[in-house]
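[1] Generate coordinates for the sequence data below:
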Amino acid sequence: MAIPTPTQVTQTLPSPYLTGAFTALGERLLPLLSTSAAINTASYAQQVAPETALQQQARGMSGGLGDYQQYLNQAQQYSGPQAYQQFMSPYQQQVMDTTLTEFDRQRQMALAQQQAQAVAGGAFGGAREGVQRAEYGAQTLQDRAALQAQLLQQGFGQAQQQANTAFTQQAGLASLQPQLVSGQIGALSALGQQQQQQQQAVLDAQAAAAKEAAFEPYTRYGLVGQQLTGLAGGFPGQVQTYNPIQPPSTMQSLFGTLAGVGGLAGKVLGKGGIFG
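    Numbering: from 1, shown residues only. Now for the predicted structure:
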């Protein structure tokens with residue numbers, strides 16, 4: 001039986017330059033794929049900026065919004081039918097006594113003048129003079145009572161007006177107090193929120209930097225793999241011919257192994273791979 005003639009086999013291997021580059025890249029990449037090289041995600045975990053001191057102060061001041069009650073309680077004392085009494089002048093009676101005393105003195109002087117005229121006219125002690133004197137006395141009492149009532153009414157009106165003024169003032173304070181506290185709370189809250197936003201921005205920047213540092217090897221090797229994959233088409237391949245019956249030489253086996261590793265690295269790192 002005739003022995004068949006060995007057939008020559010020709011294969012195309014990648015460029016030695018690319019083969020070496022992919023091999024070196026694969027040696028550095030494979031350790032990163034092991035479970036022992038897992039990334040510590042806690043190093044860049046999202047954090048929330050805590051409440052600032054100004055925000056805490058604003059929250060604490062919210063309890064003071066109810067302090068207006070003290071002004072309402074005070075205003076209540078200035079309302080009602082007896083509220084005027086606390087505003088009556090302590091000199092009211094002295095003023096009345098002085099005014100009425102002067103009134104009585106003026107009336108006595110007028111009565112003495114009237115009697116002198118009756119004596120001069122020879123009518124003193126007569127019936128007509130008696131009637132005039134009685135009418136004068138009655139009118140004097142009436143005028144004195146009217147003057148006293150006028151003084152009392154005047155003092156009451158002034159006291160009532162002062163009570164109304166005090167009531168309005170206290171009611172205004174009751175309305176103003178929450179507004180002032182709310183304004184302070186709003187201002188403190190706004191400033192505290194600005195500080196919190198600044199702190200949050202710092203925390204976010206730190207987390208982003210930590211994440212970038214954790215992924216730096218993958219990013220760097222991924223970029224290198226993409227560049228090598230893009231350059232692969234620009235380097236000519238190496239043609240090798242050998243007899244399939246005769247095993248390839250050590251150098252040929254090495255080239256074949258490097259070609260396989262280079263293909264794996266290209267798939268892993270190249271476009272469409274896990275870092276593509």
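[2] which SSE is residue 10 in?
    Secondary structure from DSSP states H and E places residue 10 in strand 9-13.
[3] buried sites along stretch 86-99?
    By 16 or more other CB atoms under 10 Å, the buried positions in stretch 86-99 come out as 87, 88, 92, 96. (Each C-beta comes from the backbone N, C-alpha and C, glycine too.)
[4] what pLDDT, on average, does it get?
    Averaging pLDDT along stretch 86-99 gives 84.
[5] Contacts for it, please.
    With CB atoms under 8 Å, 6 or more residues apart in numbering as the test, stretch 86-99 has contacts from 77, 147-148, 151-152, 155-156, 158-160, 162-163, 166.
[6] now it: how far from the chain's centre is it?
    Taking CA atoms, centre = their mean, to the nearest Å, the mean C-alpha location of stretch 86-99 is offset from the chain mean by 56 Å.
[7] Compute the first-to-last residue distance for that stretch.
    With CA to CA, to the nearest Å as the measure, stretch 86-99 spans 23 Å from end to end.
[8] Generate a markdown table for the buried residues of stretch 86-99, with distance to residue 41 and secondary structure as supplementary columns.
    As requested, the buried residues of stretch 86-99 are exported to a markdown table (distance: CB to CB, whole Å; DSSP: H, G, I helix; E, B strand; the rest coil):
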| residue | distance to residue 41 | secondary structure |
| --- | --- | --- |
| 87 | 75 | helix |
| 88 | 80 | coil |
| 92 | 85 | helix |
| 96 | 92 | helix |
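[9] Between these, which sits nearest residue 141?
    Residue 141 has its nearest neighbour among the buried residues of stretch 86-99 in residue 96, at 16.0 Å by CB to CB.
[10] which helices and strands does the longest helix out of those in the chain pack with?
    Secondary structure of the chain per DSSP state H: the longest helix is helix 127-214. Contacts defined by 3 or more CB pairs under 8 Å, 6 or more residues apart in numbering; DSSP states H and E place helix 127-214 against helix 53-61, helix 69-76, helix 92-120.
[11] nearest to residue 195, of these?
    When those are compared by CB to CB, helix 53-61 sits nearest residue 195, at 6.5 Å.
[12] Output the contacting helices and strands for the closest one.
    The contact analysis (3+ CB pairs under 8 Å, 6+ apart) places helix 53-61 against helix 127-214.
[13] helix or strand right after the helix it packs on?
    For helix 127-214, the following helix or strand on the C-terminal side (DSSP H and E) is helix 216-232.
[14] could you check the angle helix 127-214 makes with that next one?
    Per axes from the mean of the first three to the mean of the last three CA atoms, to 10 degrees, the angle that helix 216-232 makes with helix 127-214 is 50 degrees.
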